[in-house]
Structures are given as C-alpha cells and as structure tokens.
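[1] the following comprises the amino acid sequence and a computationally predicted model.
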Amino acid sequence: MISIAVLAGDRITGEGAVCCLRGQRGLEVLTEQEHARADVILILTTEATEETMALMERAAAGSVRPGMGIVLVTGSLQRAQLARAVRCGLRAVVWRQDSGYDDVVRAVRNVAAGDATLPARVQGWLVDHVGTVERDVLRPRGLTPSGLDHREVDVLRLLADGFDTTEIARKLNYSERTIKSVVGAMMNRLGLRNRAHAVAFALRSGTLP
C-alpha cells in the first residue's frame, strides 16, 4: 500500500485529486494530520513559486519516511529551482497542461517504487547541473561524485583487485601507514564497516567500473 499526502495550491484542485486517488487500487490517501508518514507527497500548483519551494522544504523536514518522494504537478518550473527541489525529495514533474490524472497516478507509483519521472527538458537541466558540480566544485578539490578523492579511489581499486596493504603501498609508492590512514579515514567519513564494505560502496556509486 502506497501512502500519499496531497498538497494543493487551491482547495478545489486538492479535493479533486483526493477523490481521484481514493479510487485507485493500492493507494492510501492520508489526512492532513498524517502527512508526515506519506511515502509520496503530491504537490499541485499552477506554477512553481517560492511558496512552492518552501512547501517542499517543510514537507521534507516533517517527513518520517527516509525514502519519501515528491511528485510535482505544475504548469511551470524554473531551472534555478530544480536542485533545491531535488534536495527536498523531488522525483517526478508532471506538466499540468499536458497531463491527466492517469499520468499523475503513474508518476506516484513510479516514485513509490524508487523511480523518477521527469520531462526531457528537466532531465537536461539535471544532467547539466551534475556536470557543473563535478567540473566546478568536485574536480578542483580532487573529489569524485561519490565523495571520494582520487587517492582513495586508487586504493579502493587495488583492494577490489585483491591486493593487501603492503602490496598497495608498494604499487602507489606510499608507506603502509599512509594506506591504513587513507582507508581508516575513508571508512569513518562514509560510515563503512570494513574494507569489503568500502569496495561495495565504490562499486554501487559507480566509482569503480
């Protein structure tokens, strides 16, 4: 069962969405007092404004669901708003003028399943943003998108290949103490349990092919 909260810019739109969603199999529409436990928050507005962004931030701050996702149904969204919205949990954008309730329900189900539903234009903005962050923020600091620096990546790659501390130190021309320090600091920073967990993290994050 997918629990969903509806937040609308006007009462009539909100009530119409609630009536539609209550007739859908597998969806539980929550009362206003229950919004904090929603798996998906559906926000309906004619255009994304500062008030819409603030509403997303309040919804994210009040949520008790770590994986909560937001579906935004709107007539417009600005490029500058996207990163802020994604930080709040935005995973789907549905253009109000081009879509019906079937599209909204489909987006809700996709978000509940951990997927994203973004128009091509919004996908392009997101790709551009990721590229800009990597080029202008991470790379000058010697970091990768996973938060690992290049020395940590080199160590992890050799760990994944089965080398021990002595062999890694020799290959990278560091002392064994340095290698142990690199591994220890990395695991503490990322909350990793052991070296195998660190290698698994690097694989999942795409740091290692």
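    Thanks, I have it. Numbers count the residues shown, from 1 in each chain.
[2] residue 36: what's it in contact with?
    Neighbour list for residue 36: 62-65 [criterion: C-beta atoms under 8 Å, 6 or more residues apart in numbering]. Any C-beta I mention is one placed from the backbone N, CA and C, and that applies to glycine too.
[3] what is the nearest of those to residue 107?
    Nearest to residue 107, judged by C-beta to C-beta, of the contacts of residue 36 is residue 65 at 17.3 Å.
[4] what is the burial count for residue 192?
    Using other C-beta atoms under 10 Å, residue 192 has 17 other residues around it.
[5] next up, phi/psi of it, please.
    Per-residue torsions, residue 192: phi -90, psi 140 (degrees, to the nearest 10).
[6] next: residue 46.
    phi -70, psi -30.
[7] show me what contacts residue 157?
    202, 208.
[8] just the pLDDT for residue 46.
    If you check residue 46, the pLDDT there is 90.
[9] look up how far residue 52 lies from it.
    Distance from residue 46 to residue 52, counting by C-beta to C-beta, to the nearest Å: 10 Å.
[10] mind listing the shared neighbours of those two?
    By C-beta under 8 Å, 6+ apart, the residues touching both residue 46 and residue 52 are 9, 74.
[11] who has more neighbours, these two?
    Comparing residue 46 with residue 52 by other C-beta under 10 Å, the one with more neighbours is residue 52, at 21 against 15.
[12] where's that one, which helix or strand?
    Applying DSSP states H and E as the criterion places residue 52 in helix 50-62.
[13] now that helix, how far from the centre of its chain.
    Using C-alpha atoms, centre = their mean, to the nearest Å, the distance from the centre of helix 50-62 to the centre of the chain it belongs to is 16 Å.
[14] for whatever helix or strand comes next after it, buried residues please.
    Under the assignment DSSP H and E, the closest C-terminal helix or strand after helix 50-62 is strand 69-74. For strand 69-74, a neighbour-count test (16 or more other C-beta atoms under 10 Å) marks 69-74 as buried.
[15] list the contacts of strand 69-74.
    When contacts are defined by C-beta under 8 Å, 6+ apart, strand 69-74 is touched by residues 39-48, 52, 56, 59-60, 85, 88-96, 99, 104, 107-108, 111-112, 117.
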